[in-house]
Every structure is written in C-alpha cells, then in structure tokens.
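Chemist: A structural model of the following input is requested.
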Amino acid sequence: MKPTCQPLQIGNLVLPNPFLLAPLAGYTDLAFRILCREMGASLCFSEMISCHGLVYGQKNTLVLLDTVSEERPVGIQLFGSDPVAMGKAAAVVSTYPVDLIDINMGCPVRKVIKKGAGSALMKSPELAEAIIQEVCANTSLPVTVKFRSGWTHDSITAVSFARMVENAGAAALTVHARTWSQGFGGLADWDIIQQVTQAVSIPVIGNGDVLSYEEGVQRMKQTECDGIMVGRGALGNPWVFSPQGRPATISGRLIQLKRHMELSDQYLPSQKMLFRIKNHAGRYCAELPGAARIRKKIYDCENMVELLDLFATEASYNEPKDDD
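Modeler: Numbering: from 1, shown residues only. Predicted coordinates:
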C-alpha cells in the first residue's frame, strides 16, 4: 500500500496534504503551478518577488502576482532587506487573491546576497526579525519564512534562527537543509531539519533532495517535520506530488508534457512560452534512454508543434514492441 499523508495547517490555512512546490525563479510561473496543483501539490509558490518592485509598481514585477482561482490556495514569496519596504510589499500582496506570504531568507545567488537579502539575512538575525515583524504587521495572511541551515558548515545556525522566526510571528517555516556555501551542491542534511522540528512549536517544512512522493513521506517520518517542499525535484517531474510516481517511458510522460504545454499556451506571454517550455521539456527526459540526444532535438525545435511532434515520434520509437 502506498503511504498517505495528513493535512497541514499554517495559521488559518488548512492544506489537504503536506506537499508544497517551492518558489523557483524562472520556473514556477502560473502554468507550472497549476500543473503541479493538478498533480497533487497542496500549495505552490510564485517565483521570488522583489519588495521594491512591488512598492514601485513595476510592471514586470506585478505580473508575477498573476493567479487564477484554479490554483488557490497559492503562496507569494517576497525578498528584500529593508523592513519598511517588505512591510509595504506585504500590504500590496494582501490586496491580491492569494493565501500566504513567504519571506525568502535562503536564496544563495550573489546578486541577492550583495543586497543583504536572501541567505545574507541569516548573518543578521536582528534585521531578519525586524523584517518578519513588519511583514506580519502589514498583512492578515499567514506569514512563513524559508531559510537555510546556516552560512557555512562552521556556522550552522538553523535552530537559533528558527526560534527567532517563531518568536517574530511566523506561522510556519521552511528549512532548506544546505548552507549558503553549498549553494545547490552536495547533499541536504536532514538531521538539521529534525533538530529544528524539536526546537519550535510552529509547523516545520523540510526542503532538499526530495525526488519522489515516497521519499517525502520517509523524510517526514525520519525528522517528524510537518511538510515537504519540493523544488528542483519537481522540474520535469510533477509526479513527485503523486503516490504513483513518474512513468518510466516517454509516452507515459507525454501526457503531462502536453498538459504543461496547454497551460503554457493559455497563461504565458507568447514571447516567453517556447523558451520556458523547452527548459521544462528537457527535464521530462531525465533517466530515459537517449535523453541527451532528445534534449538536443528539443532545443532545435522552433515552435510548440515541432516540440509535440518530436515527443510523439520519440514515444513511438521507444515503446516496447510485442513479439510476433
């Protein structure tokens, strides 16, 4: 029998299961979020959104708030290092039909760090606390915080940081069990997530290296954390939110790729659509025979029709044949 999961409550928001899609810059657009919701994710997050872009009403930033009723509930992730601007941005977000605000304190990208945002806030817990308090004061939505295990292996601060996050008013927290210095390399240390779970009373969501539904269930049992956030493990693999798992054949995966393309056609600007779907399509080939060859063909496609034809052709070549 496949494992089952319990609902997850964050503030007054009750999610039917504990699997969430992480915010991923360049990937978690509206189309991909809806796809993951259809596949079982209980809540998906927007791409990371600049507080200053919201406060100044920048068009390219505001478009990241686009949502539709089909994806509710939905979470918006903000980043920034100015408490006042973060509070004002939270007030803007609260006027939209969204259900939760997350604060990014885990992004390791240097251009974010140089502005004192993302993971850099783990080195400034007093500033991080002020940001959380300002965001909470400017919204009635549940506020969560996503952060890392620490800055380096010599400064693992997740437990003390988590206690601060709880005391500052957050309704839940997510720990990406890597340090800033690891970036996205190495392995996530889930022992740290277990330590955080034991240290706070608000829900703890674990993040890092989960590639299947069953792995997520096992991580929850191992650490007693309350939820699982999947990031890169969901790319080309929306089945990560479903107990049945990812199909082993290209034809089995083609159904969801087609659905992904339909949603992209419906919700993404035409100038972005092909580039983004190519990035996803290449990942649908993971662990398939000839994956590198298929990915090269994907990037040679000039439109969506060619892309679909390619996958249909590859599926017919790769399907097992009955013996006559």
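
Chemist: give me the below-cutoff pLDDT ranges for the chain.
Modeler: Scanning the chain for pLDDT under 70 picks out 1-4, 317-324.

Chemist: how does it divide into domains?
Modeler: Per automatic domain parsing, the structural domains of the chain span 8-241, 250-318.

Chemist: most tightly packed of the ones you listed?
Modeler: domain 8-241 (a mean of 20; mean count of other CB atoms under 10 Å). All C-beta atoms are positioned from the backbone trio N, CA, C, and that covers glycine.

Chemist: gap between the two ends of it?
Modeler: For domain 8-241, the first-to-last residue distance is 15 Å (CA to CA, to the nearest Å).

Chemist: repeat that for stretch 215-232.
Modeler: So stretch 215-232: terminal residues 14 Å apart, CA to CA.

Chemist: with stretch 5-14 instead?
Modeler: Stretch 5-14 has an end-to-end distance of 13 Å (CA to CA).

Chemist: can I assume Phe147 sits in a strand?
Modeler: Yes - with DSSP: H, G, I helix; E, B strand; the rest coil as the criterion, Phe147 is assigned to a strand.

Chemist: could you measure from it over to Ser119?
Modeler: Remark: distance between Phe147 and Ser119 (CB to CB, to the nearest Å) = 7 Å.

Chemist: kindly report the same for Thr144.
Modeler: In this view, Thr144 and Ser119 are 16 Å apart by CB to CB.

Chemist: again with Leu64
Modeler: Distance, Leu64 to Ser119, using CB to CB: 21 Å.

Chemist: do Glu306 as well
Modeler: Taken as CB to CB, the span from Glu306 to Ser119 is 40 Å.

Chemist: can you check Ala22 too?
Modeler: Ala22 is 15 Å from Ser119, by CB to CB.

Chemist: ok, which stretches of this structure are helices?
Modeler: 30-38, 51-55, 59-62, 83-93, 110-113, 125-137, 158-168, 190-199, 213-223, 250-267, 270-284, 291-300, 304-318 (DSSP state H).

Chemist: was I right to think Ala41 contacts Pro18?
Modeler: No - in this structure Ala41 lies outside contact range of Pro18 using CB atoms under 8 Å: 10.3 Å.

Chemist: next, the contact list for Lys146, please.
Modeler: 22-23, 77, 102-106, 173-176, 207, 229 (CB atoms under 8 Å, 6 or more residues apart in numbering).

Chemist: quick one: which of the residues you listed is nearest Val84?
Modeler: Nearest to Val84 among the contacts of Lys146: Ile103, at 14.2 Å, using CB to CB.

Chemist: before we move on, back to that, narrow the contacts of Lys146 to those in strands?
Modeler: Gln77, Asp102, Ile103, Asn104, Met105, Leu173, Thr174, Val175, His176, Asn207, Met229 (DSSP state E).

Chemist: make TSV from those residues and add distance to Ile294 to it.
Modeler: Compiled in TSV, those are given as follows (distance: CB to CB, whole Å):
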residue	distance to Ile294
Gln77	32
Asp102	35
Ile103	39
Asn104	34
Met105	38
Leu173	39
Thr174	34
Val175	35
His176	31
Asn207	29
Met229	29
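
Chemist: residues touching the residue most central in space within the chain, list them.
Modeler: Geometric centre of the chain, nearest residue: Ala22, 1.2 Å, by CA atoms, centre = their mean. Contact partners of Ala22, counting by CB under 8 Å, 6+ apart, are Thr28, Phe45, Lys146, Thr174, Asn207, Met229, Val230, Gly231, Ala234.
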